[in-house]
Structure formats: C-alpha cells, structure tokens
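Trainee: When you get a sec, could you give me coordinates for this:
(one chain, ligands or ions: 1)
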Amino acid sequence: MRTDAVLLCLAVLSCRSTPAPKAPEPSPSAGPAAPEPAAASSVPPSPANPPATQVTGAQPPVPNAAGQPETPPAPVEARTSAVETPSAPPPGIDLSALDRTVNPCNDFYRFACGSWLARTPIPEDRPQWGRAFSEVLGRNEKVLRQIVEQDARGEPDPANPFAGMVGDFYATCMDEEKAETASFATLQRELQAIDRIEDPRALARRVAELHRGGARAFFGFASRQDSRDATHVIGGVDQGGLGLPDRDYYFRDDRKSQELRGLYLDHVARMLAMSGDPQADAHAHRIFQMETTLARASLDRVARRDPYKVYHRLDRAGLLTVAPHFEWNDYFAILGAADVQAINVTAPEFVRALDGLLARGNLDDLRTYLKWRAIEAAADMLGARFVDERFRYTRALTGAKVLLPRWKRCVQMTDRALGEALGRTFVTTTVGTEGKAMAKEMIVNIERAFEANLATLGWMDDAAKKASLYKLHKIDNKVAYPERWRDYAKLQIGRESLLENVLSAARFETARDLAKIGKPVDRGEWRMTPPTVNAYYSSSLNEMVFPAGIMQLPFFSPEAPVPSNYGGLGMVMGHELTHGFDDQGRKFDGDGNLREWWSPRVAKAYEQRAACVAKQYDRYVAVDDVHLNGRLTLGENIADIGGMKLMIAALRAKRQGQPPTNVGGFDDEQQAFIAFAQVWCTNYRPEAARTQALTNPHSTTQWRVNGSISDNPDFASAFKCARGYPMAPANRCTVW
Ligand SMILES: [Zn+2]
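Mentor: Numbers count the residues shown, from 1 in each chain. As a prediction, the model looks like this:
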C-alpha cells in the first residue's frame, strides 16, 4: 500500500512506490506495489524475476534525525576513482538504431528503433530489454556492485556512516550456504510461531508480525495522507493477500489464465512441501479457495484508479464494525500503531469478505494460509530449491529463461532494504552539480510551456484556469537525491541470516512509516531510491521527483545536444507534470486535496476528451489477441500525449534565436522526437507483454511512442506527414 493517494511514475513494470521490505502490500502489483489507486506493477515482487526496471526500496528519510550529517556527502577522491563507471552510449540520438526503410509517418516507433530492435537480443535472465531503461539499469547495477563489494570487503565509503551495514547485508546475501541453513532456520521459527496460534487474538497478533516483516497476509496497513485533507497523515487499510498478480487472474476463462492457475496451485503445494507440510496438496487447494474469496471482493485495477472509489474514512470504530471477527486492537498494538484512530479503508467490501472468511474459517485453514504468506515472502532469501521453484512460477509471467545471477539479485535486495544507505555512495559517482542545475532549468521551461498552453485552452473557464495555475505554481520539484538522508542507526544488520536481515529492514521500515501517522507531513521524503531509473508525480504532495538514476544517457547528459536532452529527460518531466492534470491527478487541487475544484461543465469537457484517449488505446494490440486496456492506461497515456506537447514547446523556447543544428540530416525537433522514441526501443518476451497489458497502467512501448506521436500535430509538421497517414490521423485526441 502506498502512503499517498495517487502516485504515478514513468516506467514500465516499475511503478512500485511502496518500499519493498515494507509490510502490507496489496495484491501483487511492482510496483511498482499496489498503492491506493493502483499504479502498480504486475509481477509478484521478487528479485528472482525482476521487472525490467524494478523500482526498489523507497523509504523516505527520518525527519530531523539526530546526528544526520548534511547531505550529500562530498565525493571521496580515492574511492570514487576506484569506482569505474561502465560505458554509457555517446550523447545524442542513435543513428544506427534507425530503420530508414520505414516511413516515419507510417510507424515512427519502427523508424526510430527498427535496427536496434533487430540487433538487440533480450538477455536470458530478463523479461524484456529496452535501449534506455534496461541499459541504464544494467550500468547502474555494475556501479552498485562495485560499491557493495567494496563495502563488504571492509573498505566502506568513509563518507557514508551506513556503508558497513550495506557491506554486511550484501555479504550475507551472497553467502548461498547460509541461505540454505540460517535463513531456513529463520523461516522455521516463523512457521512454528504460526503453529502456536490457538485463538483469534493470537491470530491478529501474528498477522501484525507478518506485516511488520513484509509479508502480504489478508490485507495491508500503512500510513497515508488523507485524500480529503492532505495535511493529515492517517492510517490506511487496503485489500491484499493474493498470490496471483491481480484479482482478475482468479476468474479469467482463457486457456493461458487457466494454465497459470494450475501452475500457481502446483507451486504453492511444492513450496509448502519443501517447508515440511505433509498435506501440501490439500492445503494448497484450501489456500487457493481462500484467495479466490478475497479476490472476488477486491476492487479491480480500473476501479482503483478512481480516487473517490478508494476513499472511505471509516476510522477505527467503523473498521471494528465492518470486520468484528478480526481482533484489530491486538493487531494495531503489535504492529506499532496502538493508538491509530483515523483510518481510510480503500475497499470496505473486501474487509467485509475477509471478516466472513475469518468467521467461517477453521483455525487450521487460517494457519495454513498464513504459513504460505510467510514462505512466499521468504522465498528469495532461502536456498536454491526455494529460489528455483519460485522462478519456475514467476517465469510464466515474465518469460525470463534463466534466473538473474546471484550478485544482481543481491544488489537489488540491498537497494530495497537499505536504499538510501546505498544511494548515498551511488550519487557521488553519477550526477554532478552542473547536471542538477541543468535539469532544474529544464523543469522551469517545461512548467512555462504548460502555463502558456493553459492560456489557450478553449474548454476551460477562467476559474478553472486560475486554479490550475495555482496548482502548477505550487508543484514542488526534487532532483537527483534527498536533501536529508535516512538515518538507519536503529537498524540491526548481521552477517548470519539473510532472511533475518530482510525482516529487520522491513520492521524498521514499518516502524518508520507508521510513526508518520498523526504527525505533520514530511515533504522531504523520497519514495524512490537515488539509483532508481524512473520518476514520479504525487498528487497528495503535488510534487515531481527525478532520481539520479534517470539523469543519465540516453535520457540526459550535460554533454548531450539540447534536442536529445529534451526528447529524453524533458519528455519525462512533461509526462510527470501532466500527471498532475491527468484523469486522476486533476481530481486533486493545488494543495493535494481530493475535491471538485472545476465546474461540472469543465469537468465534463475534460471527461469527453479523456474518453477519446481511452478509445484510441483500446484499439492497440499488445501481444497476440491481448489489447491494451484504455481505461487502465488512461492516466499514463494522457501524460505521454501532454508531455510531448510540453517538451516540444519548451525546446522551441529554449532554441529560439539560436542557429539550428543538424544530426544525420535531422533538425532540432526531429532529433527531439527521435530521442523520445529511442528511450522506448524495447524487445519484449510475449509473457512479459501480456502481463504488462493485463496489469500495468503503462502502455507497451510501441504504443507509448506511436499513440502519443499520432496525437501530436507538431510531429506531423516536423516529419512532413500528410494528413491521413497513421502518424497523422484526421482525428486526434487532445486533452491538454
Ligand atoms: Zn507516468
């Protein structure tokens, strides 16, 4: 669950804003984590099958933590020179990626990416491979590996007080033998504790322990801003507790869905058996029945995008009434939120169904279900048998052929558990002061373009324009890394059990998160770690965040030509800004509050425009017979269409009065469009494309490019596309 009402990011399969080690994640979404209105990713989060650009731990820093050194630490000469940055592509557009046999007016994605797509295989251990996100991720992984290995060798970054902890975590993770023994022993203790549950109060206390350690049992609980009053941090109960990627997977009738259910059932049984359950098959069936009951009462992903449908301030008293068979008082006491009163419940019907399950269910079934949740959460930290069995299941969703090498999984786990401790050293090797200043200037230019465009909109009245301008001017921008790093001083990381370390990190994060309830909103918090190759907009905070991870080539470089910087990072900025005004974001005012701040007439005009976009993307095929879901992807598509308009307008303003450039025969604007498209050059395995289309709010990359390009008249002018070509249709959809 997310701490925020709506949080939308840029990249595919990676919109997990939820800190990974943190407890209550509603039905597996990655992402990106399934937040309040899910902008989530699809595949069960697991380092064994990472989505291509998995967003990892995103725990915000402790405000005013005692003894926090000012950040960022100054780069340390000796150390940074020892960290060799693997080579990035040359700055600017990649002419060798083009397929010049394709007419850009027919299929711009193929034109910009064709040769790259043909020559670039998907690595065996990946579900998909893209020219920007995946390659930057791959380079970041190597940089991070050098950092964690130095830390683990006993040569920790002297400027980072938590470098030793990072080293201990990584070293323990790399020790596969201890995963077989010490981690398995940790799991056995958890399972024995579940066996000792004899009554409803003990059950609730054990659910709280599981949540503290990051397991997804029954439902999720976390802090969040109150959508109706963004100055208040309250508690949030969300649906959850499923093992398949989404509630619809329990009910779809097609052959692939049936096969996947069979595979999942078999997977649950094998994992239970390996953990010592003599009745594993029968228990797996009972677990599946319970999950199906929960799935039936869960909101689907499209419904979860409506911030009104997930807002129900029942508070503690209401929660106790809706679900009297769960011992909430015991639960909150053990979780560490004994006094919480103000609570939003995203899906009251779900909580009611859960209550029915608890009222009817026998204790043996409930214990079995909780054991499965504990095993599932622990799987990646256990020995090879468990990791391999987990991969056997997740590969059906990703198509990956082999497991990621251990070091990559361990780098990801370290980032997830200790993201801001690791990120602290990472940023000294990447973004410099010059890059930060340039990026900030680009944001200003994008915001100016939004303001200029706002003045021209015929469908808005003056009141709505004025309020939108207020919202625009209130947006807070964060670039590269936090002003203040998280303080991990209270976290204990040992060198014995990886699972114990992961549980400790999750408990630390749960405590940090719940401590926010009832306190003023911390505006310094980051929901993505600095190495993350992604960006996000948060409606409740009304802020945009661009981590250091994405401020690299091919998105951006101080050395790159201006047009390619705008087509890359500038487009990302336009995209995130437009999220503030997409079909979800527009429902929150400049102060982050959910309310009707437009007249019904303006809102209706907006809805009509949005409906055009939904219909447009419904037509696109992701893979085989699977179409994109125009309503699920609506916010992202509006952000792409609007972002492109802003990017080109900002580029024009920036280049005004300067001599035009020419790269490979392409002028400034053509270069910007090509740079944008080349960020998205991606080869997918069919399984990954299917999972993305069914669960992810981002369209597949071909349509992110061709969909938004075809709605942009500046593109048609730049490439001289006559009206009627696929990239220059007679009827375009324009929201902003
Ligand atoms: Zn987005």
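
Trainee: The ion contacts on the stretch 301-450 of the chain?
Mentor: In this structure, the stretch 301-450 of the chain does not approach the ion anywhere, judged by C-beta under 5 Å from the ion. C-beta: built from backbone N, CA, C; applies to glycine.

Trainee: Please enumerate the helices of the stretch 301-450 of the chain.
Mentor: Under the criterion DSSP state H, counting those that start in this stretch, the stretch 301-450 of the chain carries helices at the ranges 301-304, 315-322, 328-335, 348-360, 363-378, 384-398, 406-426, 433-456.

Trainee: just the stretch 451-600 of the chain next, same as before
Mentor: Assigned by DSSP H, counting those that start in this stretch, the stretch 451-600 of the chain shows helices spanning 462-474, 498-514, 562-565, 571-579, 600-618.

Trainee: coming back round to it: between the helices of the stretch 301-450 of the chain, which gets nearest to Leu98?
Mentor: In terms of C-beta to C-beta, the element of the helices of the stretch 301-450 of the chain nearest to Leu98 is helix 433-456, at 25.1 Å.

Trainee: Please parse the chain into its domains.
Mentor: 7-63+175-421, 95-134+433-484+531-718 (automatic domain parsing).

Trainee: ok, and the closest non-adjacent residue to Met544?
Mentor: Closest residue to Met544 in three dimensions, ignoring its sequence neighbours and counting by C-beta to C-beta, 6 or more residues apart in numbering: Glu576, at 4.6 Å.

Trainee: on that earlier part again, what's the most buried one of the helices of the stretch 301-450 of the chain?
Mentor: Scoring the helices of the stretch 301-450 of the chain by mean neighbour count under mean count of other C-beta atoms under 10 Å gives helix 406-426 as the most buried, with a mean of 26.

Trainee: got the angle for it vs helix 384-398?
Mentor: Using axes from the mean of the first three to the mean of the last three C-alpha atoms, to 10 degrees, the interaxial angle of helix 406-426 with respect to helix 384-398 works out to 80 degrees.

Trainee: The residue nearest to Met544 reaches Asn534, doesn't it?
Mentor: No. Taking contact to mean C-beta atoms under 8 Å, the distance of 10.1 Å between Glu576 and Asn534 leaves them out of contact.

Trainee: Which neighbours do these two have in common?
Mentor: Cys9, Leu10 (C-beta atoms under 8 Å, 6 or more residues apart in numbering).

Trainee: related to what we said a few turns ago, now the helices of the stretch 301-450 of the chain as JSON lines including mean pLDDT?
Mentor: Rendered in JSON lines, the data for those read as follows (pLDDT from 0 to 100):
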{"stretch": "helix 301-304", "mean pLDDT": "97"}
{"stretch": "helix 315-322", "mean pLDDT": "98"}
{"stretch": "helix 328-335", "mean pLDDT": "98"}
{"stretch": "helix 348-360", "mean pLDDT": "97"}
{"stretch": "helix 363-378", "mean pLDDT": "98"}
{"stretch": "helix 384-398", "mean pLDDT": "98"}
{"stretch": "helix 406-426", "mean pLDDT": "96"}
{"stretch": "helix 433-456", "mean pLDDT": "96"}
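
Trainee: Make JSON lines from those and add distance to Gly241 to it.
Mentor: Converted to JSON lines, the helices of the stretch 301-450 of the chain look like this (distance: least, C-beta to C-beta, whole Å):
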{"stretch": "helix 301-304", "distance to Gly241": "15"}
{"stretch": "helix 315-322", "distance to Gly241": "16"}
{"stretch": "helix 328-335", "distance to Gly241": "14"}
{"stretch": "helix 348-360", "distance to Gly241": "8"}
{"stretch": "helix 363-378", "distance to Gly241": "7"}
{"stretch": "helix 384-398", "distance to Gly241": "17"}
{"stretch": "helix 406-426", "distance to Gly241": "21"}
{"stretch": "helix 433-456", "distance to Gly241": "40"}
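
Trainee: Any idea which of the ones you listed gets closest to Pro563?
Mentor: Taking C-beta to C-beta as the criterion, Pro563 comes closest to helix 433-456 out of those, the separation being 12.2 Å.

Trainee: Run the chain-centre distance for that closest one.
Mentor: On the basis of C-alpha atoms, centre = their mean, to the nearest Å, helix 433-456 is displaced by 24 Å from the centre of the chain it belongs to.

Trainee: Also stretch 184-194?
Mentor: Between the centre of stretch 184-194 and the centre of its chain there are 30 Å (C-alpha atoms, centre = their mean).

Trainee: Worst mean pLDDT among the domains of the chain?
Mentor: Taking the average pLDDT of each of those, the minimum falls on domain 7-63+175-421, with a mean of 86.

Trainee: measure it end to end?
Mentor: Criterion C-alpha to C-alpha, to the nearest Å; first-to-last residue distance in domain 7-63+175-421 is 24 Å.

Trainee: Distance of whichever residue of the stretch 351-500 of the chain sits closest to the ion relative to Asp315?
Mentor: Of all residues in the stretch 351-500 of the chain, Ile446 sits closest to the ion, with a separation of 14.5 Å (C-beta to the ion). Separation of Ile446 from Asp315 (C-beta to C-beta, to the nearest Å) stands at 40 Å.

Trainee: Could you do Arg139 as well?
Mentor: Applying C-beta to C-beta to Arg139 and Asp315 gives a distance of 48 Å.

Trainee: Which residue would be the closest one in the stretch 301-450 of the chain to the ion?
Mentor: Scanning the stretch 301-450 of the chain for proximity to the ion using C-beta to the ion identifies Arg305 as nearest, at 12.2 Å.

Trainee: Assess the claim that that residue and Gly635 are in contact.
Mentor: Yes. Contact between Arg305 and Gly635 holds when scored by C-beta under 8 Å: they sit 6.7 Å apart.

Trainee: hmm, back to that, now do the contacts for the residue nearest to Met544.
Mentor: Shown in contact with Glu576 (C-beta under 8 Å, 6+ apart): Leu8, Cys9, Leu10, Ala535, Tyr536, Tyr537, Met544, Phe546, Ala639, Gly643.

Trainee: Please apply the same query to Leu634.
Mentor: The contact partners of Leu634, by C-beta under 8 Å, 6+ apart, come to Arg305, Asp582, Asp583, Ala610, Val613, Ala614, Tyr617.

Trainee: what's the closest non-adjacent residue to Glu180?
Mentor: In space, not counting the residues next to it along the chain, Glu180 is nearest to Gly383; the distance is 3.6 Å by C-beta to C-beta, 6+ apart.
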